[in-house]
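Chemist: Here is the input, now give the coordinates:
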Amino acid sequence: RTPQGVVRDAALRRTQGEQVGARPPVEPARVAALKRLRLGRIAETLPERLALAEKQDMSPEELLLLLLTDEIGRRDGAASANRVRDAGLPPQMRIEQWDKTTKVSFDKRLLNQLTSLRFLEDHKHVVILGAVGVGKTFLASALGHIACRHGYHVRFLRADAMLRALRQSRFDNSRDAMMT
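Modeler: The predicted model follows:
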């Protein structure tokens, strides 16, 4: 059925006194069609979205935009999660997990500038220096998570691991491949 048909059928059920909020699962033929178009995850939320469309008297165009916006959000989230995984970022070291009660002093203006990722747009590098235990690794990881959410590809390595890998690459002539 077309989106117009779905909305029309919902209006008909409403006039006949049928309960509109209760939605049957998506028909297998629709699920198969969505999967063929690589939109299979829409089927997971389709009953709820159709009920919402009926409740709010959405036009078919509005319903379609809602479904597509959901799918864009799911795909963006999955792509970000894949970039985080590929980067090797520790999942618990995100800026949202920053403990604001710690006794570490830092320049809040500089932190805001770093989290805005302007340095990436300006093609600049950042070096994070400080004493042991002040949060250098946490900050680097948090910046990596933010960059992944904004569509950047990053690689997270601790300095000691990176130096070991570079040293090994010198011996097996893989330095050029490692640097890309």
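Chemist: If you tally nearby residues, what's the number for Ala142?
Modeler: Under the neighbour criterion other CB atoms under 10 Å, Ala142 is assigned a count of 22. C-beta coordinates here come from the backbone N, C-alpha and C atoms, glycine included.
Chemist: residues near the residue lying closest to it once chain neighbours are set aside, how many?
Modeler: Closest residue in space to Ala142, ignoring its immediate chain neighbours: Ile95 at 4.1 Å, by CB to CB, 6 or more residues apart in numbering. Other residues near Ile95 number 15, with proximity taken as other CB under 10 Å.
Chemist: Leu117 too?
Modeler: One way to gauge burial is a neighbour count; for Leu117, by other CB under 10 Å, it gives 15.
Chemist: and it, what pLDDT?
Modeler: The per-residue pLDDT reported for Leu117 equals 95.
Chemist: how much space between the residue nearest to Ala142 and Met58?
Modeler: Summarising the geometry, the distance separating Ile95 from Met58, computed by CB to CB, to the nearest Å, is 36 Å.
Chemist: Can you name the helix or strand that the spatially most central residue of the chain falls in?
Modeler: Using CA atoms, centre = their mean, the residue of the chain that lies closest to the mean C-alpha position is Gly77, 2.3 Å off. Under DSSP states H and E, the secondary-structure element containing Gly77 is helix 60-87.
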